[in-house]
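A.B. asks: this one's structure only:
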């Protein structure tokens, strides 16, 4: 579903998607870099954008939301 290509040593892109049920899945969401963060990388603010723009449209009480322990997922502002 994703076409990759070389774009230089420092080029990195972070994407997010969800899957559930009998093969249902969300669209791929490309995270925006946070240019207000210390190193202009992905941050809790980048992830909050995913939560607001992708998770809420698909989530309902019958689902269990799971993620790993990446720092941008476990930041205090994300938990709030």
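C.D. replies: Here it is on my side, so go on. Bear in mind the structure is a predicted one, so any value in this text is a computation, not a measurement.
A.B. asks: C-alpha only now, for contacts and for neighbours.
C.D. replies: Noted.
A.B. asks: so where do the strands sit in the chain?
C.D. replies: In the chain, the strands defined using DSSP state E lie at 15-16, 19-20, 24-25, 29-30.
A.B. asks: can you redo the ones you listed as TSV with mean pLDDT and mean neighbour count?
C.D. replies: Shown next, in TSV, are those (pLDDT from 0 to 100; neighbours: other CA atoms under 10 Å):
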stretch	mean pLDDT	mean neighbour count
strand 15-16	84	12
strand 19-20	83	12
strand 24-25	84	10
strand 29-30	84	14
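A.B. asks: which stretches of this structure have low pLDDT?
C.D. replies: Within the chain, the segments meeting pLDDT under 70 span 1-11.
A.B. asks: show me which helix runs longest in it.
C.D. replies: Ranked by number of residues, the top helix in the chain under DSSP state H is helix 44-50.
A.B. asks: go through that one and flag the buried ones.
C.D. replies: Residues of helix 44-50 classed as buried: 44-48, 50 (neighbour count, 16 or more other CA atoms under 10 Å).
A.B. asks: ok now it, how far from the chain's centre?
C.D. replies: Distance, stretch centre to chain centre, for helix 44-50: 7 Å (CA atoms, centre = their mean, to the nearest Å).
A.B. asks: do stretch 20-35 as well
C.D. replies: With CA atoms, centre = their mean, you get 6 Å for stretch 20-35.
A.B. asks: repeat for stretch 32-41
C.D. replies: 15 Å.
A.B. asks: in that stretch, which residues are buried?
C.D. replies: Using 16+ other CA under 10 Å as the test for burial, stretch 32-41 gives 32-34.
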